[in-house]
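>>> Predicted model follows, preceded by the sequence.
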Amino acid sequence: MPASAPAPVAVTGAEGFIGSHLVEALVAAGHRVRAMVQYNSFSSYGWLETLPGEVMDNVEVVLGDVRDPGSVHGLVTGTEAVYHLAALIAIPYSYRAPHSYVETNVTGTLNVLEAVRHLGIPRLVHTSTSETYGTAQTVPISEDHPINTQSPYAASKAGGDRLADSYHASFEVPVVTLRPFNTFGPRQSMRAVIPTVIGQVAAGERTITLGDLRPTRDFSYVKDTVAAFLAVGTAPAADVVGRTFNSGTGEEISVGDLVSLIGKIMDTELEVRADQERIRPAASEVMRLVCDASRLRAATGWAPAHTLEQGLAQTVAFFRDPLNLGRYKAGIYNV
Ligand SMILES: C[C@H]1O[C@H](OP(=O)(O)OP(=O)(O)OC[C@H]2O[C@@H](n3cnc4c(=O)[nH]c(N)nc43)[C@H](O)[C@@H]2O)[C@@H](O)[C@@H](O)C1=O
């Protein structure tokens, strides 16, 4: 690399759903990316393996794990910004293996904060989640809404958020927290509700089996969430550092209405068999989420560019491609 080449940016969780889209967007914006990929016994680099060669020519894959401070230190050394997305994200699995959520989401975030602090990296984007708010007490939900963690997953993410805030206050670590509401699109885990519905229809099912149809969510297309990451990662420090920003559309839809909409887009009449207790304990389910993203819009000019229908059409096309469906059937990406 010539001496004048700009420093790379680091991404944790680069092989995952949002992370792999972020890597593509960072390369398209002219960055070299150092992508941390977790070793797994499938010997897979996850979705990074599916990106075109011209993208991967600008990506340095680094094997590591956010739970391991040494590997995080190596990843972050010499970078100009760090996007920290690595996390355990499945809410149902957090009831079964809560320690693993604390290790990855809390201790992992602490390791990233420590590395950024000691190496003097100029920008860290930390990833939070709308789940930290719990069921909406007021709508739309601004960043001033109370935090109410209703699952071990949400508690572990809120723990990471609190550490990020404390590292800004205590050590002036230049961290900005992005709190995306639900994100969907190509490469999302089959476990999440939109791929679950599309996958069942694509497999020829006309009766869809789901959990609770009543909860509402605010769904952003993945490219809009990625644009929010870039917005907070590149905005002037005075506008964003030390702050938390929601990203979401402000549009609310119930799971039941979402299923009807997907049926319409896939040109199918769908019957739904709903079992409210199948997925999560009732008191743990977050019943209502709708985003107020006006702080992000005011600070960076970010706004979503895709409607739910446009995003769903892209997502349906992705899951209808047998090559993509086959990747899920291999079982490698369903985390
Ligand atoms: C922002 C947030 O986004 C995600 O969390 P999530 O909201 O739980 O996402 P989901 O797609 O699993 O569920 C959406 C809603 O749909 C309901 N639902 C009904 N029936 C099924 C069903 O059969 N499967 C699933 N998965 N959900 C179902 C389910 O109970 C929930 O009310 C995480 O990636 C998380 O990491 C995160 O941070």
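Perfect, I can see it now.

>>> List the backbone torsions phi and psi for Val62.
When read as degrees, to the nearest 10, the backbone of Val62 gives phi -120, psi 120.

>>> Surely it is in contact with Arg34?
Yes: in terms of Cβ atoms under 8 Å, Val62 counts as a neighbour of Arg34; the distance is 5.8 Å. Bear in mind the C-beta positions are built from the backbone N, C-alpha and C, glycine included.

>>> Please say which of the two ends up with more neighbours.
Arg34 (24 against 16; other Cβ atoms under 10 Å).

>>> biggest helix in the chain by residues?
Criterion DSSP state H: the longest helix present in the chain is helix 152-171.

>>> tell me the mean pLDDT for that helix?
Mean pLDDT, helix 152-171: 98.

>>> which residues make contact with that helix from outside it?
The contact list for helix 152-171 (Cβ atoms under 8 Å, 6 or more residues apart in numbering) reads 87-91, 94-95, 98, 101-102, 104-106, 108-110, 113, 117, 124, 126, 128-129, 131-132, 134, 147, 149, 173-175, 177, 179, 241-242, 244, 286.

>>> Return the members of those residues classed as buried.
Buried subset of the contacts of helix 152-171 (neighbour count, 16 or more other Cβ atoms under 10 Å): 87-91, 94, 98, 101-102, 104-106, 108-110, 113, 117, 124, 126, 128-129, 131-132, 134, 149, 173-175, 177, 179, 241-242, 244, 286.

>>> Next step: those restricted to helices.
Here DSSP H is the test, and the buried ones among the contacts of helix 152-171 give Ile91, Ser94, Pro98, Tyr101, Gly108, Thr109, Leu110, Leu113, Arg117 as lying in helices.

>>> right, and the pair among those with maximum separation?
Ile91 and Arg117 (30.1 Å; Cβ to Cβ).

>>> on that earlier part again, return only those of the ones in helices among the buried ones among the contacts of helix 152-171 found close to the ligand.
The residues of those that also fall near the ligand, by Cβ under 6 Å from any ligand atom, are Ile91.

>>> Report the separation between the nearest residue to Pro69 once chain neighbours are set aside and Val72.
Leaving out its chain neighbours, the residue that sits closest to Pro69 by Cβ to Cβ, 6 or more residues apart in numbering is Asn111, at 4.6 Å. Taken as Cβ to Cβ, to the nearest Å, the spacing of Asn111 relative to Val72 amounts to 5 Å.

>>> What of Arg327?
To Val72, Arg327 is 28 Å away according to Cβ to Cβ.

>>> quick one: which of those two has more around it?
More crowded of Arg327 and Val72, by other Cβ under 10 Å: Val72, with 27 against 20.

>>> so where does the more buried one fall, helix or strand?
helix 69-76 (DSSP states H and E).

>>> and that helix, what's its mean pLDDT?
The pLDDT scores in helix 69-76 average 98.

>>> same check, this time on stretch 174-181
According to the model, stretch 174-181 has a mean pLDDT of 99.

>>> same thing with stretch 15-35?
Here the average pLDDT along stretch 15-35 is 97.

>>> Pairing partners for Met36 in the sheet, please.
Thr12, Val62 (DSSP bridges).

>>> Hmm, Ala10 and it touching each other?
Yes: assessed by Cβ under 8 Å, Met36 is found in contact with Ala10 at 6.9 Å.

>>> Name the residues of the stretch 151-300 of the chain found near the ligand, please.
Counting by Cβ under 6 Å from any ligand atom, the stretch 151-300 of the chain sits next to the ligand at 181-182, 191-193, 196, 210-212, 215, 217, 255, 279-280, 285.

>>> All set, thanks.
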